[in-house]
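In: Below are the sequence and a predicted model for it; my questions follow.
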Amino acid sequence: MTGFGYKQITKENWIIADRISASFIQSPGPDTINKGEAYLDMILKPILSERVPIEIIKLFEVARGAIAYGYFFYPLFTLGLEQLFRVGEAAITFRYKLLGSNIARHGFKSIIDELFKHKILTEDEKNRWHALRILRNCASHPDNQSIFAPGQVIRSLSLLAEDINRLFDI
């Protein structure tokens, strides 16, 4: 452990569960493998529909992979979540392109508003996507290292999977 609040990777500890990650989950027995598998079960539960374009699914799986390895290096939960914000933007942009609109003249905010205008997003969905946009902006232009708790990250993974699936229910 260093002054950062999470472990510094060494040859000796790189495949050992980060003690901070392991402390967040309760499972029977002291076996860290059981705890890691409990995390993994929660992380693998959200699935993107086969209607979601493969390009988006691939991005989602990379973010999910980073989150899964957060058990071994706690900051990867946050990096995976930040990547999920970008996956969300890619999904919204891809869905917008299906409208046949000129993507070059629209930013993330405008795309969300345009999808709402075309009744592809509900008011609640529009608000969630705008919240994700704000989080994406914060993650992409940080002043300091953010750290999110595993529960927050896993819940966000589930919610974003649902929102992406709804985008492509066409």
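Out: Alright, I've got the coordinates.
In: so what's R51 closest to, chain neighbours aside?
Out: What sits nearest to R51 in space, not counting adjacent residues and going by Cβ to Cβ, 6 or more residues apart in numbering, is F168, at 4.4 Å. Using the backbone N, CA and C atoms, a C-beta is placed for each residue, glycine as well.
In: For that neighbour, give me its contacts.
Out: S49, R51, V52, P53, A91, R95 (Cβ atoms under 8 Å, 6 or more residues apart in numbering).
In: What separation do you get for it and L81?
Out: 22 Å (Cβ to Cβ, to the nearest Å).
In: what's the model's confidence in the helix ranked longest in the chain, averaged?
Out: With secondary structure taken from DSSP state H, the chain has its longest helix at helix 75-97. Averaging pLDDT along helix 75-97 yields 95.
In: List the buried residues of the helix or strand following it.
Out: The helix or strand immediately downstream of helix 75-97 is helix 108-117, counting by DSSP states H and E. Buried residues in helix 108-117, counted by 16 or more other Cβ atoms under 10 Å: F108, I111, I112, D113, E114, L115, F116.
In: which residues touch helix 108-117?
Out: Counting by Cβ under 8 Å, 6+ apart, 89, 92-93, 95-96, 99, 101, 103, 106, 121-123, 125-126, 129-130, 133, 136 sit against helix 108-117.
In: I'd like the mean pLDDT over it, please.
Out: 93.
In: Next up, the contacts around the most centrally placed residue in the chain.
Out: The residue lying closest to the centre of the chain (Cα atoms, centre = their mean) is L84, at 2.9 Å. Taking Cβ under 8 Å, 6+ apart as the contact definition, L84 lies against F60, A63, I67, S156, L157, L160.
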